[in-house]
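Colleague: Pasting the sequence and the predicted coordinates here, then a few questions.
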Amino acid sequence: MHSERELPAGARIALAVALSIALAAAVLALFTKDFSPALGQFFFEPFANRYFFGNYIADSVPLMIAGLGVLIAFRSRNFNLGGEGQIYAGAIAAGMLALSLPERIPPAQAWLFAALAGMVAGGLIGALSGILKALWHVSEMISSFLISAIVLNVGDYLITGPFQDPASNFQTTRQISSQLLLPRILAPSKLDISVFIGLALIAVLAIMSKHTRPGFELRVCGENEEFARYCGIPVALYQSAAMAISGALYGLAGALIVMGPQARVMRGFSSGLGWSAISVALLAQSSEAGILPSALFIAYLKAGSDHVMIGSGVPSEIISILQAAAMFFITARHFPVRKRRRP
Amino acid sequence: MSTPITILADILKYTIAAATPLLFASIGGLFSQLAGMLNIALEGLMGLGAFFGMAAAGASGSLVVGAMAGVAAAVVGSWLMGIITIKFKANLFITGLAVNLLAVGVTAVLSQSWFHTKAVVAFDIPRVMLAFPAFLGRIPFIGPVLFSQNILSASAWLWVIAAAFIIRNTRHGVRIRATGMNEEAVNALGYRPDRYHMAALIWSGVGSGLGGFALGVSISAFVPNITAGRGWIALVAMYLGRGKPLWIAASCLLFALAESLSNYVQGFSAIPPLLVLALPYAVTLVSLVAAAAGKKD
């Protein structure tokens, strides 16, 4: 006897979190020789000291900002799969700008310009997919992915070609002058003041979506396109704008990494971040406030994965397995439950 | 001694080779599209096919065993996607993304565990089984283009023909298409749409698994991100074909030509290789946009 019931959102999230943690333990048990130190490295090292903890929080910041970007695209029923390229473009635009600024410029101006450069670069790329969809119904999911693939190659070229640091053995641009970087907090970790930008953005967007007209109209567009059109809401405009804002937030996430922990643009530094942001937005279940715990959770899994790679040699790619599992559980709406207990 | 003719022959030869993984995957994807279960996990499933296929081919020394293992791995991936989407009523696109991520993680962790590296794993794979009879290869121009291909390239075209036959002429194919067109009608006739949704996903797993394996065989190795977006390019080829296997194959050839040209140009030109690498994606994007824009008029 099968009966189906829908789990409430809270229970689904709890289940997704619990099951991905259980899966992490299972993967470690399968692939490490010494299970208990690996378990400690994964689950406790991110909190072990100021340095690890600060780095863990620092890694959650781009996830918060990019996660908001995914969320806004989702809300307008758009899948932005171009995050990888949009982060890279934002990072490169910010990096190039910061490298060309005079060292004497007030730092706050440098931060502002770099952030704007990142947002414009990411935003334009996102907007392109939005416009292609509005004009000709080109699937934004596929166009954003393809544009991102092009951007990644062009970005690799810029970093290793015209902007390559001739003095470095790595594929990277020159280092950005330390006066222009975002001030660190919680030294010696890499955490900087961008965490406040992330928190502020979550708060601002949460308020905007609930209490302003554009926030409301965007919701209507996503929930019922026909009704929105009937109400005279410019649906195509909202959808393109949502893709543009989504790209801009991705771009900002990239810019802040460059102006903070990285202090340069290294080839492939943001690889995987775009996909992680999608997991964050899914876990947040379409709530801006939910982005904060989701970003902290995914960053925690990532920090744990990095620690077991260093400590026990398990590839940090286990983060992909855990994120996939979290995605599966979070998107499952009905659980077929047997009425009678199995004997 | 490269004359224009030999250069052209080289480019065409590589075009056919590069089309092989795309043909397998995009025709596999066609089943899912027809059933209304568009599979965006072709990329990840190809990765699974490449890794498990190459590992099995390397261990057994047999291409057939490799192909079977590659298909099995990708089928398990698409089955998992089907279970979660159909039984647990999950969002198809999200489960697709999840499978793409899962493939990256599983192949990296197992590569480290089995081969002690998550970088390049080279495999010693029998070449003998791949060759066509030698005399065919000696035909001028046609010989090097058509008959210096491996057996997988020939199989890809058989796969296109077989899929076209299944879709058009078998009861199974008709029901898959019917499920995509009108689920309720299929239900009313007493067939379970879920079964055909699942079958279509499994077919896409079969195609992607073979495509991934072909990719591995072509370089006798498994490397991280071996698919490098080919699953998505295959998806676009599938779109452009509008449900017709032959048109899908033509789109695959177009994208393979772009890949072949970008490979060729990379060797000796003033354009930086990294920019040239973007060419296949650019051609794919432009075709996608052109087809969509053309449709409206």
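Modeller: Arrived safely, thanks for sending. Residues are numbered from 1 along each chain as shown, chains lettered A, B, ... in the order given.
Colleague: Now do the helices in the stretch 101-250 of chain B.
Modeller: B:134-137, B:142-146, B:151-169, B:171-181, B:183-188, B:193-219, B:230-240, B:245-267 (DSSP state H, counting those that start in this stretch).
Colleague: same deal with chain A?
Modeller: Ranges of helices in chain A, per DSSP state H, are A:9-31, A:35-43, A:50-75, A:83-100, A:107-136, A:140-160, A:194-211, A:213-223, A:225-230, A:235-257, A:273-283, A:288-312, A:318-331.
Colleague: buried sites along the strand or helix carrying B:Gly82?
Modeller: Element membership for B:Gly82 (DSSP states H and E) is helix B:63-82. Neighbour-count burial for helix B:63-82, counted by 16 or more other CB atoms under 10 Å in any protein chain shown, picks out B:63, B:66-78, B:80-82. For every residue, glycine as well, the C-beta is placed using N, CA and C.
Colleague: tell me the angle it makes with helix B:193-219.
Modeller: On the basis of axes from the mean of the first three to the mean of the last three CA atoms, to 10 degrees, helix B:63-82 is oriented at 140 degrees to helix B:193-219.
Colleague: quick one: the residue lying closest to A:Tyr51 once chain neighbours are set aside from A:Gly290, how far?
Modeller: The shortest distance from A:Tyr51 to any non-neighbouring residue, by CB to CB, 6 or more residues apart in numbering or on different chains, is to A:Ser189 (4.9 Å). Distance, A:Ser189 to A:Gly290, using CB to CB, to the nearest Å: 26 Å.
Colleague: cool, A:Gly69 as well?
Modeller: Plainly put, A:Gly69 is 15 Å away from A:Gly290 if you go by CB to CB.
Colleague: Compare these two (neighbour count), which wins?
Modeller: Applying other CB atoms under 10 Å in any protein chain shown to A:Gly69 and A:Gly290 shows that A:Gly69 carries more neighbours, namely 35 against 20.
Colleague: Tell me if I'm right that that one and A:Ala244 touch.
Modeller: No. Applying CB atoms under 8 Å as the test, A:Gly69 and A:Ala244 come out as separate, 10.3 Å apart.
Colleague: on that earlier part again, how about the helices of chain A in a markdown table, adding mean pLDDT?
Modeller: Below are the helices of chain A laid out as a markdown table (pLDDT from 0 to 100):
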| stretch | mean pLDDT |
| --- | --- |
| helix A:9-31 | 85 |
| helix A:35-43 | 86 |
| helix A:50-75 | 93 |
| helix A:83-100 | 94 |
| helix A:107-136 | 94 |
| helix A:140-160 | 93 |
| helix A:194-211 | 93 |
| helix A:213-223 | 84 |
| helix A:225-230 | 84 |
| helix A:235-257 | 93 |
| helix A:273-283 | 91 |
| helix A:288-312 | 90 |
| helix A:318-331 | 88 |
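Colleague: Now the ones you listed in a markdown table, please, with extra columns for distance to B:Met181.
Modeller: Converted to a markdown table, the helices of chain A look like this (distance: least, CB to CB, whole Å):
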| stretch | distance to B:Met181 |
| --- | --- |
| helix A:9-31 | 32 |
| helix A:35-43 | 48 |
| helix A:50-75 | 28 |
| helix A:83-100 | 34 |
| helix A:107-136 | 24 |
| helix A:140-160 | 22 |
| helix A:194-211 | 38 |
| helix A:213-223 | 27 |
| helix A:225-230 | 22 |
| helix A:235-257 | 27 |
| helix A:273-283 | 30 |
| helix A:288-312 | 38 |
| helix A:318-331 | 26 |
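Colleague: Show the pLDDT at A:Ile176.
Modeller: The model reports A:Ile176 with a pLDDT of 87.
Colleague: try B:Ile226
Modeller: Reported pLDDT for B:Ile226: 91.
Colleague: Ok, B:Tyr239 next?
Modeller: For B:Tyr239, the model assigns a pLDDT of 89.
Colleague: How many residues are close by it?
Modeller: 23.
Colleague: Enumerate every residue touching it.
Modeller: Neighbouring residues of B:Tyr239 by CB atoms under 8 Å, 6 or more residues apart in numbering or on different chains: A:139, A:142, B:288, B:291.
Colleague: likewise B:Ala156?
Modeller: By CB under 8 Å, 6+ apart, the residues touching B:Ala156 are B:19-20, B:23-24, B:210, B:214.
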